[in-house]
Every structure is written in structure tokens, then in C-alpha cells.
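Visitor: Fold the following, please.
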Amino acid sequence: MRVFVAIDLPYNIKNTTRLLIEQLQSKDKSIKFAKIENLHITLKFLGELTNDNIVHIENFLNKIASKNKAFEINLKESGVFKSLKNPRILWIGQNHNADFENITSNIDELFAKEDHICHITLARLKNIPIQKIKELLELTNFFIQNNHLQFRVEEFFLYESILKSSAPIYKQIKKFKLQI
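Guide: Model prediction:
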């Protein structure tokens with residue numbers, strides 16, 4: 001099964017992000033935006049794993065949660081993956097504080113460390129002109145700077161990603177509570 005580690009977004013952040021997505025949709029109806037209920041911060045995509053691997057990962061993530069404390073996070077930037085010339089994903093990123101960095105570096109200890117930006121996927125992009133991408137990024141950054149997108153993180157999750165043609169379905173496998 002395809003799995004990833006993520007932080008869920010609280011209702012107020014999802015609701016505010018919904019307003020951003022509505023503004024972005026008004027600029028280009030052809031873009032495939034994420035469903036509001038699917039919004040989360042991806043900490044690490046792990047890929048296809050067996051049930052035996054998942055048990056091992058759950059044990060490892062339990063240890064990470066038990067030695068890390070809850071923290072505040074601020075959403076503060078946006079960008080695109082792969083590149084501005086060949087964009088595939090429009091995303092929002094967060095500030096990097098010591099507690100957040102500690103958790104992500106602990107997760108990287110188990111899995112191959114690669115260039116990875118923890119992010120919220122706003123939209124999947126295909127054949128969008130660079131000028132339109134710049135416009136979307138400008139609007140997204142303006143929105144982020146003018147809205148208070150901060151929340152407390154007290155837990156993270158292991159999710160299964162089930163790919164469907166309409167939109168992926170995310171099923172929670174396990175919750176990991178941070179120290180409070």
C-alpha cells in the first residue's frame with residue numbers, strides 16, 4: 001500500500017485555505033485543486049510498503065512521537081514542484097522551527113534522506129503557462145501574508161493513499177501523539 005506521514009490541518013486552517021483555493025479557481029478553472037478534506041502537511045511520502053514494513057514504521061514513529069513535544073506552526077510560503085518551467089504541484093510551506101525540524105530529521109533517519117519540502121498540496125498542474133504560474137504564486141503568497149495561518153501541532157499520522165481518477169482517498173492508519 002502507498003503510505004505517507006502527515007500533519008492534519010485544523011478546521012479553521014482548512015476553511016481559510018478553502019477561500020484561497022476559491023480565489024485561485026477563479027483565475028483558472030482547468031487546474032485540478034485538492035479537496036479541502038484532503039488538505040494536510042506531508043512530512044514524508046514513503047511509497048509502496050508491505051504490512052510488515054508498516055508495523056516497523058509504526059514502532060519507529062511511536063518512538064519519534066514519544067520524544068518530541070507539541071509545537072506551533074506557521075504557514076508562510078508557496079512554491080511549485082518540479083520547477084517553474086515544468087510545474088506539477090502548487091504548494092504551501094511552513095516556517096521551520098526547532099521542534100518541527102527535530103521531527104522531520106527523526107523521520108529522515110529511517111528513510112532515505114532526499115531533497116524534500118514538507119508541504120500542503122493545493123493543486124496538481126499540467127500544461128499551465130509560466131505567466132499563469134507566476135500569477136498563482138503571487139496570489140497565494142499575498143493570501144498567506146494577509147491571513148493568520150498558525151496552529152498548534154499535537155499529533156501526526158500515518159496515512160494510506162488510494163489513488164482514484166477523481167481524487168486520491170486518504171485513510172488514516174495510525175495517529176501519533178506528541179508530548180504536551
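
Visitor: In this structure, which residue is most central in space?
Guide: residue 41 (2.5 Å; Cα atoms, centre = their mean).

Visitor: Specify the beta-bridge partners of it.
Guide: Under DSSP bridges, the beta-bridge partners of residue 41 are residue 7.

Visitor: Quick one: classify the closest residue to residue 61 other than its chain neighbours as helix, strand or coil.
Guide: Spatially, and ignoring its direct neighbours in sequence, residue 61 is nearest to residue 176 (5.1 Å; Cβ to Cβ, 6 or more residues apart in numbering). C-beta coordinates here come from the backbone N, C-alpha and C atoms, glycine included. Look at residue 176: counting by DSSP: H, G, I helix; E, B strand; the rest coil, its state is strand.

Visitor: wait, what's in contact with residue 176?
Guide: 61, 62, 64, 65, 155, 156, 157, 158 (Cβ atoms under 8 Å, 6 or more residues apart in numbering).

Visitor: Who are the contact partners of the second one?
Guide: The reference is to residue 62. Contact analysis of residue 62 by Cβ under 8 Å, 6+ apart lists residue 176.

Visitor: Against which helices or strands is the worst-scoring helix or strand of the chain on mean pLDDT packed?
Guide: Lowest by mean pLDDT, DSSP states H and E among the helices and strands of the chain is helix 98-110, with a mean of 88. Counting contacts by 3 or more Cβ pairs under 8 Å, 6 or more residues apart in numbering; DSSP states H and E, helix 98-110 packs against strand 40-48, helix 51-66, strand 71-82.
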